[in-house]
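Engineer: Next one to model:
(chains A and B)
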Amino acid sequence: MQHPSHPDDQRLAALAASEPDAVADGPLVTHVAGCPRCAPIVEDLRTLRSALAELPDIPPSRPLRFLPPIPEPTTTRPAWLGVLRGITAPAMAIGVIMILVGAIGTTGIGSLGAGGAAPALTSSGAGAAQASTAPAPAAQVPGGKTRGSPSASASGGTTGLFGNAGGGSVTASATDESGRAQYRASTPSGALIVETGTSRPPFEWLLGAGVVLLAAAFVARGYVRRRLAA
Amino acid sequence: MAEPDRAPSSPRIQPLPDEESVVRLAVGGDRSAFARLMEHYQSACYGLAWRLIGDPDQAADATQDAFIHAYDALHSYRGGIFRSWLMRITANASYDILRRAQRRPTTALPEPEEGQAEPPDIGAVNPVEEAQKSELYRYLERALRLLPEDQRVAVVLCDVYGMDYGEVASMTDSPIGTVKSRIHRGRLRLREILAPQRELFER
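Structural biologist: Next comes the predicted model:
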């Protein structure tokens, strides 16, 4: 409250708090010393400060935790382990696909009706011929010659199955030298020669690579699991 | 909300006899030493939070937050009076809660009722004097709650917990002049509120 003939109350409060500028204010100090209104205010404020400084502590309203929970240990996992973990499953899937494709291609099932994997057919003579392949492992004759029945197979996985054309007998021979196979079929009306290209090393390669990839993926997966569990 | 006038109180906590070594152990990572310090000062911290916030549950939350902040900040403790360091952390945690409360729609604190006199502690050295003190504290607490929040925070930090103007200004993000003005107006307002109980201060 402001009184015209008295100092501002906040100046009195400053004096009660012994603030340097108020204590050094001579007219203020002189006034307060002889003023029946201002002197009790300063005295009350000093008493009030003392009482406030004595206010006791207060027990908590509920039990408190004195310690934060112990943080879970954070494992510092190498980045490459995460990458390895991420690629094992796709690698296994790719390996399985490679094995399947390689096995199918190697055994020749895939060449049924397909142009790319089927042996190239060249025919001579008047007879019509049908050719197909059937899966069979190589029955290799020492010396690189393979001769067999129409269902005989040549090294490299190529098998020729020659139907009976025009009622003639069909024989097939397979020559496997330097990866090439040659099939001959003879009929009463002439000879039908079926010549393949090379045997199918891409499929063998695919099969082998698929097995290696699958095995590597299994090993990597086990390693990652052990590291993560540790 | 609990009736603040009836909040049980306990004398100001004194430092632990071996506080320096306990603090050193806590700073070195000894969790049990830190827990011992927090247990010892929990009433001091809670009292500050309760006086700043005025709500027992939120005061307990603020005290709990302060313990966690103190644990995290132990590495930055550079000596000095541990209680003051902890009080500053508690005041900051309490002020954070106050600020959050200010951003939400608030309901006014209920008007404190006239406090009932607590029975004198018959185990005290001077039961009459203890009863008078207890009554004086009750009226003071009630008067503090009647202050506007900015004045209450400034008066509690400065007069009850002995922080200087600079600390209060830093804590409340206010200029020192504003803090001084709030404290002076707060004290003058307290004097007006407590005028009917003037005789309690004259004993």
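Engineer: for A:Val219, helix, strand, or coil?
Structural biologist: helix (DSSP: H, G, I helix; E, B strand; the rest coil).
Engineer: burial count for it?
Structural biologist: 11 (other C-beta atoms under 10 Å in any protein chain shown). Backbone N, C-alpha and C define where each C-beta goes, glycine included.
Engineer: how close does it sit to chain B?
Structural biologist: Remark: distance between A:Val219 and chain B (C-beta to the nearest C-beta, to the nearest Å) = 42 Å.
Engineer: What separation is there between that residue and B:His184?
Structural biologist: Distance of A:Val219 to B:His184, computed by C-beta to C-beta, to the nearest Å: 79 Å.
Engineer: tell me which element the residue nearest the centre of chain B falls in.
Structural biologist: Nearest to the mean C-alpha position of chain B, by C-alpha atoms, centre = their mean, lies B:Leu48 at 1.9 Å. Per DSSP states H and E, B:Leu48 falls inside helix B:31-53.
Engineer: How is chain A divided into domains?
Structural biologist: Domain assignment for chain A by automatic domain parsing gives A:9-52, A:79-104+A:204-229, A:119-199.
Engineer: For the shortest one, measure first residue to last.
Structural biologist: Domain A:9-52 stretches 20 Å from its first residue to its last (C-alpha to C-alpha, to the nearest Å).
Engineer: Give me the spatial nearest neighbour of the residue nearest to the centre of chain B, chain neighbours excluded.
Structural biologist: B:Thr90 (5.1 Å; C-beta to C-beta, 6 or more residues apart in numbering or on different chains).
Engineer: Contact partners for the one you found?
Structural biologist: Residues counted as contacts of B:Thr90 (C-beta atoms under 8 Å, 6 or more residues apart in numbering or on different chains) are B:45, B:48-49, B:62-63, B:66.
Engineer: Tell me the one of those nearest chain A?
Structural biologist: The closest of these to chain A turns out to be B:Thr63 (C-beta to the nearest C-beta; 5.9 Å).
Engineer: dump the residue contacts of the closest one.
Structural biologist: A:60, A:64, B:42, B:45-46, B:49, B:90, B:93.
Engineer: which among those residues end up buried?
Structural biologist: Neighbour counting by 16 or more other C-beta atoms under 10 Å in any protein chain shown classes A:60, A:64, B:42, B:45-46, B:49, B:90, B:93 among the contacts of B:Thr63 as buried.
Engineer: just for chain B, where's the confidence low?
Structural biologist: B:1-10, B:104-125, B:203 (pLDDT under 70).
Engineer: do that again at 90, thanks
Structural biologist: Regions of chain B meeting the criterion pLDDT under 90 cover residues B:1-16, B:29, B:54, B:75-81, B:83-84, B:98-135, B:162-164, B:167, B:170-173, B:196-203.
Engineer: Give the residue farthest from the middle of it.
Structural biologist: Max radial position in chain B (C-alpha atoms, centre = their mean) goes to B:Gly28, at 28.3 Å.
Engineer: Before I go, just wanted to say thanks for your time.
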